[in-house]
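K.L.:
Build the 3D model from these lines:
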Amino acid sequence: MAKIPLQKIRITGMKTHYKILMQELHRKGVLHIIENEEFKEQSIGGVDEHFGVFDLARIDFALNFLSKYEKPKPALVKMLSGGKIICKEEEARQRLQKFSGKYLNIIKECEKIESELVIAKNELQKLPAKVELVQGLLGLEAKIKNTFDTAKTKTWIGRVKASLTDEFSSSVASESNLVDIKVLSKGEKHSFFRITVSSELMEITEEVMRKFDFDSIDLSMGLEEFIGNTPLEILTILNRRRVDLDAGIEKNNNRAEELSMYRDDLRILFDYNFWRKTKNDLQYKIFRSKQVFAFEAWIEKSEFKSLEKWVKHVFVEEVAFEKIAKTHGEEEPVLLKNTSGVDSFEAVVEMFALPGVKDVDPTLFVAFFFTLFFGFCLSDVGYGLLLASVSSFFMVFGTYTKDIKKIIWLLITCGLAAIAGGIVFGGYFGLEAQHAPEFLLNSEGAFRGQLISPTEEPIKLLTLALGLGAFQLLAGILISFGAKLKQKQYVAAFADPGAWFVFLVSIFVLGLADMIGVDKQLATKITGAAALVLVLTQGRDQKNWIMKGLMGVYSIYDGLTAFLSNFLSYARLMALAIATGVVALVMNTIAVMVYDMMPNAFIGIIVAVLIILFGHSLNFVLSLLGAFIHTARLQFIEFFGKFYIGGGAKFKPFTRAKKYLFFRD
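P.N.:
Just a heads-up that it's a prediction; the model follows:
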């Protein structure tokens, strides 16, 4: 377990070598390039497009647009490839070269198709309302005009609720013999009217229309493009338009399906262009003049000599590669490297925070305790086998990046831990010993290897959970003690974690003295001595001697209550272990009860199997989430609270991040 030691360096060279150097450094991915304010202020000239001009947004648009038309790959195939294009780097480069001459036309065509589809779909959305309006006007024999008013008459075209048709007609007609009203059509919801009156009757007629919520239609607004056509002609035009729009949409969709064959080429294009953009965008961190360039970076100390040798060999003294000291107050980025298997738990540590400057790398400790507690919580051989076997399948047959492989190995480890926990607690898909196969049982009829029955011995299970919790908490205090010694804070090491460790251990020993056969008087003296050290040292930052003593006494109270709170949190291990087994048992019991209730044995078996599959799937998912969340919480809150601060900045190598590509060796 270690935070890898890093070296700060400065690279300076002739500008003619810049492009080749950055391309190779990008490929190697060993430098964490940092910003230097002085370089930014002293740089001459603007940013050069050394690596080409490109438009990632347009490529991304084309990819997203064509994703709707791409023939879906089998889910298992996608999962085994991580959704990436697996090929050799040379294959990707050759494919990119062949595609480079046509991608702009493909992107333009995608943009055109998308624009036409949007317009066509908007038109189709508007058509039903226009058709409904025109169908309501079919009784209007005249051609559509902006207005049907004359110098002496006023004409309205509009609609009212269908239920008010007769009443509205009679009310308007009764106003005068000079009123001409015609029902143009009557539908389920509305009736359409044409009303023509003498100009003198306009106000009276409008008053009647208001009473019936008459909806006047302005034909110059709704049907302005059809002025001069009859409603029947307009209906014919609209129906033809619908056919044309549907045909256009189908044609564009078919063409988009044809273009989707280039989606992998676009993915390759995206990654390569993203790399180019990364290299161009990096220039704001680099000093540039007419002749030279310079930048600073962090590198693993173990990589320094090999990179220095490569630079000298390739650029023949025209690129300088030198070590430099970090500035005052500067913190180096954090790079963790652990042994295979343990490194899978680096992801768990990063979920909280990377180690700070004074922190030790907690990955090894997290790997041990996380595995232990996860197995305690899930504690079912069947669920563990399921998790480990499925994860192993993907590990063996899948092709993934190192980071993804670490996550899969983490799942395999957790599955194996659940198997071990299931053996210790007798968890086999919720089976009771009397119903289990004989090969799982010992000569006494109990599960082989079972040490505790969670449902029959809850106190024993709780004792084990709290005992493991005390072990982890004390381990955290010891880690803090070791870290302070390493930092040469000897007084703080012995006065704080050292004294607390002795004090807490002596309390446990005193409480268990009769059980373990320890002299109570000796244990009491050690406890008193440790408490005295805490009283004398915990208030050492106070200037007033009285306050020093008071703060020392208070620190014991505060520390004990905090420790007790953390200690009791480990009871959740017992709760989750019991819950996993009990819920599994309940699902089995329900399945048996339903089977017994079925009139037909065949139907009963089918229903029981469905209940078991659904119930255990649900229990597996919930138990898996619970085990992960609560185990992680115990690491982050209780364990890390004893020695870990975090806050380190991650080492981010200048490398080719692959969104869509995976290069085979």
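K.L.:
List the buried residues of the strand or helix carrying residue 611.
P.N.:
Residue 611 is part of helix 601-633, with elements assigned from DSSP states H and E. For helix 601-633, a neighbour-count test (16 or more other C-beta atoms under 10 Å) marks 604, 607-608, 611-612, 615-616, 619-620, 623-624, 626-628, 630-632 as buried. No exception for glycine: its C-beta is placed from N, CA and C like everyone else's.
K.L.:
Where do the strands of this structure begin and end?
P.N.:
All strands of the chain, identified by DSSP state E, fall at 6-14, 32-34, 85-88, 153-161, 179-186, 190-198, 215-216, 287-288, 292-300, 319-323, 661-664.
K.L.:
out of these, nearest to residue 402?
P.N.:
strand 661-664 (10.9 Å; C-beta to C-beta).
K.L.:
quick one: the closest one to chain centroid distance?
P.N.:
Computed by C-alpha atoms, centre = their mean, to the nearest Å, the chain-centroid distance of strand 661-664 equals 23 Å.
K.L.:
Let me know the average pLDDT across that strand.
P.N.:
Across strand 661-664, the average pLDDT comes to 90.
K.L.:
Start the count at 373 instead of 1 going forward.
P.N.:
Done: numbering now begins at 373, and the last item shifts to strand 1033-1036.
K.L.:
tell me what that strand is packed against?
P.N.:
strand 457-460, helix 461-471, helix 635-653 (3 or more C-beta pairs under 8 Å, 6 or more residues apart in numbering; DSSP states H and E).
K.L.:
can you list those in JSON lines and add mean pLDDT and distance to residue 750?
P.N.:
Shown next, in JSON lines, are the helices and strands packed on strand 1033-1036 (pLDDT from 0 to 100; distance: least, C-beta to C-beta, whole Å):
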{"stretch": "strand 457-460", "mean pLDDT": "92", "distance to residue 750": "33"}
{"stretch": "helix 461-471", "mean pLDDT": "94", "distance to residue 750": "41"}
{"stretch": "helix 635-653", "mean pLDDT": "92", "distance to residue 750": "38"}
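K.L.:
among these, which is the most enclosed?
P.N.:
helix 635-653 (a mean of 19; mean count of other C-beta atoms under 10 Å).
K.L.:
what angle sits between that helix and helix 461-471?
P.N.:
100 degrees (axes from the mean of the first three to the mean of the last three C-alpha atoms, to 10 degrees).
K.L.:
elements contacting helix 635-653?
P.N.:
Against helix 635-653 (3+ C-beta pairs under 8 Å, 6+ apart) you get helix 390-400, helix 428-439, strand 457-460, helix 461-471, helix 475-508, strand 1033-1036.
K.L.:
That one versus helix 428-439: what angle between them?
P.N.:
Going by the same axes, to 10 degrees, helix 635-653 makes 160 degrees with helix 428-439.
K.L.:
CA-only coordinates of helix 635-653, as PDB, when you get a sec.
P.N.:
C-alpha atoms of helix 635-653 as PDB (Å, rounded to 0.1, in the frame of the first residue of the first chain):
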ATOM      1  CA  ARG A 635     -21.600   5.400 -36.500                       C
ATOM      2  CA  ASP A 636     -18.500   3.300 -35.400                       C
ATOM      3  CA  ASP A 637     -16.400   5.500 -37.800                       C
ATOM      4  CA  LEU A 638     -17.900   8.600 -36.200                       C
ATOM      5  CA  ARG A 639     -17.000   7.100 -32.800                       C
ATOM      6  CA  ILE A 640     -13.400   6.600 -33.800                       C
ATOM      7  CA  LEU A 641     -13.400  10.100 -35.300                       C
ATOM      8  CA  PHE A 642     -14.700  11.500 -32.000                       C
ATOM      9  CA  ASP A 643     -12.000  10.000 -29.900                       C
ATOM     10  CA  TYR A 644      -9.200  11.000 -32.200                       C
ATOM     11  CA  ASN A 645     -10.500  14.600 -32.500                       C
ATOM     12  CA  PHE A 646     -11.000  14.700 -28.700                       C
ATOM     13  CA  TRP A 647      -7.300  13.800 -28.300                       C
ATOM     14  CA  ARG A 648      -6.400  16.600 -30.700                       C
ATOM     15  CA  LYS A 649      -8.500  19.100 -28.800                       C
ATOM     16  CA  THR A 650      -7.000  18.000 -25.500                       C
ATOM     17  CA  LYS A 651      -3.500  18.700 -26.900                       C
ATOM     18  CA  ASN A 652      -4.500  22.100 -28.300                       C
ATOM     19  CA  ASP A 653      -6.400  23.100 -25.100                       C
END
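K.L.:
and residue 730, which of the helices and strands packed on helix 635-653 is closest to it?
P.N.:
Using C-beta to C-beta, these put helix 390-400 closest to residue 730, at 31.0 Å.
K.L.:
what packs against that closest one?
P.N.:
helix 635-653, helix 673-687.
K.L.:
mind redoing it with 6 Å?
P.N.:
In terms of contacts (3 or more C-beta pairs under 6 Å, 6 or more residues apart in numbering; DSSP states H and E), helix 390-400 is packed against no helix or strand at all.
K.L.:
How far does it sit from its chain's centre?
P.N.:
32 Å.
K.L.:
And the pLDDT for the closest residue in space to residue 741 that isn't next to it in sequence?
P.N.:
Using C-beta to C-beta, 6 or more residues apart in numbering and skipping the chain neighbours, the partner closest in space to residue 741 is residue 844 (5.3 Å). Residue 844 is assigned a pLDDT of 97 by the prediction.
K.L.:
my guess is residue 844 contacts residue 1011, does it?
P.N.:
Yes. Between residue 844 and residue 1011 there is a contact under C-beta atoms under 6 Å: 5.5 Å.
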